[in-house]
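Asks: Any chance you could fold what I've pasted below:
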Amino acid sequence: MKQRTLGGRTVGAIGLGGMPMSIEGRPDAARSIAAVHAAVEAGVTLIDTADAYHLHAGEVGHNEELIAGALRDLGRAADDVLVATKGGHLRPGDGTWTQNGDPAYLKEAAKASAKRLGVEAIGLYQFHRPDPRVPYADSVGAIRDLLDEGVILMAGISNATVAQIDEANAILGGRLVSVQNQFSPRFRSSQGELEHCARLGIAFLPWSPLGGISNAPELSARHAAFASVADAHGVSVHQVVLAWELALAPVVIPIPGASRPASITDSARAADLVLTPDEVATLSAS
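Replies: Just a heads-up that it's a prediction; the model follows:
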């Protein structure tokens, strides 16, 4: 698999988003574990999770524990895998999402995540979503403190604007390594943030890069240009979408969610799919 750089670390150009393994409609643990194993076998070395990826109120960190267990099963084969997790977004257990950007909470949440992941220091920790009740600088300041204290090795933010990217990078002393925003053929509102990250050399991690769990199967119907290019290359439309995102900037690392081995194996092939400049332009304009 072709590779990309994240905070000075080399990772596969396609990552794995763990959320579908733990929320509504999740499969049994055995299938999810098999998907993680298939991802690593396919060359995936970045796995994204969060303490909020769970279904019921009493199982905070469900996905973190699932990912950690699957990687332990692999032994040394998982040595190169970077696990990125997030804090500051919560699910009370009734299907809703809330925010908590309180600095004290974020620090405790990060330490709890490290314990669930079974690591002394989290490889990449990202502030999950701004909390309108807490000054953004205070929340990011907690991430800076975690970085300075060695609780985390790299720092990122998620669901951020261009102004917040600059503010976070300044607070972190130029040590912001990643921005995780929603981006797909259907949701392109973070195009400006993607381009800004490219200018700064900060990794941009599109979440829901295929348009979301419920919308991914509709890609061919909604986006005829992507389906046409897929037919021309004899590959899945999912591969074309991910290859297009990779072609937008060298900092882009899509993290498609998957809970089936076949899905992540197919997605991983996108890293080696080369689109022509004309194809990229056509897809960008569609």
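Asks: Which of the helices or strands spans residue 11?
Replies: Element membership of residue 11 [criterion: DSSP states H and E] is strand 9-12.
Asks: could you say what helices and strands that strand packs with?
Replies: Where contact means 3 or more C-beta pairs under 8 Å, 6 or more residues apart in numbering; DSSP states H and E, strand 9-12 is packed against strand 3-6. Heads up, the C-betas are built off the backbone N, CA and C, glycines and all.
Asks: make it 10 Å
Replies: Counting contacts by 3 or more C-beta pairs under 10 Å, 6 or more residues apart in numbering; DSSP states H and E, strand 9-12 packs against strand 3-6, strand 46-48, strand 82-87.
Asks: okay, now residue 142: neighbour count?
Replies: Applying other C-beta atoms under 10 Å, we find 24 residues neighbouring residue 142.
Asks: what helix or strand is it on?
Replies: Assigned by DSSP H and E, residue 142 belongs to helix 136-149.
Asks: Quick one: list the elements packing against that helix.
Replies: Using 3+ C-beta pairs under 10 Å, 6+ apart: helix 136-149 touches strand 82-87, helix 103-117, strand 124-127, strand 155-158, helix 162-171, strand 176-180.
Asks: Neighbouring strands - and their directions - for the first one?
Replies: Paired strands of strand 82-87, with direction, are strand 46-48 (parallel), strand 124-127 (parallel) (DSSP bridges).
Asks: Now for the residue of the chain positioned farthest from its centre: which residues touch it?
Replies: Computed with C-alpha atoms, centre = their mean, the residue of the chain farthest from its C-alpha average is residue 232, at 28.8 Å. Residues near residue 232 by C-beta atoms under 10 Å, 6 or more residues apart in numbering: 240, 275-276, 279.
Asks: rewinding a little: now do the buried residues in the strand holding residue 11.
Replies: Neighbour counts over strand 9-12 (16 or more other C-beta atoms under 10 Å) mark 9, 11-12 as buried.
Asks: tell me the contacts of the residue nearest to residue 220 when sequence neighbours are not counted?
Replies: Sequence neighbours aside, residue 227 is the residue nearest to residue 220 in space, at 4.1 Å (criterion: C-beta to C-beta, 6 or more residues apart in numbering). Contact partners of residue 227, counting by C-beta under 10 Å, 6+ apart, are 219-221, 236-237, 240.
Asks: and what of residue 88?
Replies: Residue 88 makes contact with 50-52, 98-102, 105-106, 109-110, 126-131, 134, 139, 142-143, 157-159, according to C-beta under 10 Å, 6+ apart.
Asks: So what touches the helix or strand where residue 265 lies?
Replies: Element membership for residue 265, per DSSP H and E: helix 261-268. With contact meaning C-beta under 10 Å, 6+ apart, helix 261-268 is reached by 1, 12-17, 20, 31-44, 209-210, 216, 235-236, 238-239, 241-242, 254-258, 260.
Asks: Could I get the helices and strands packed on strand 9-12 in TSV, plus columns for mean pLDDT?
Replies: Below are the helices and strands packed on strand 9-12 laid out as TSV (pLDDT from 0 to 100):
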stretch	mean pLDDT
strand 3-6	98
strand 46-48	98
strand 82-87	98
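Asks: For residue 283, find the nearest of these.
Replies: Nearest of those to residue 283, taken as C-beta to C-beta: strand 3-6 at 19.8 Å.
Asks: Export the closest one to PDB, keeping only CA atoms.
Replies: Below are the C-alpha coordinates for strand 3-6, written out as PDB (Å, rounded to 0.1, in the frame of the first residue of the first chain):
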ATOM      1  CA  GLN A   3       2.100   5.500   2.300                       C
ATOM      2  CA  ARG A   4       1.500   9.000   3.700                       C
ATOM      3  CA  THR A   5       3.100  11.000   6.600                       C
ATOM      4  CA  LEU A   6       1.300  11.900   9.800                       C
END
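Asks: Alright, I will stop here.
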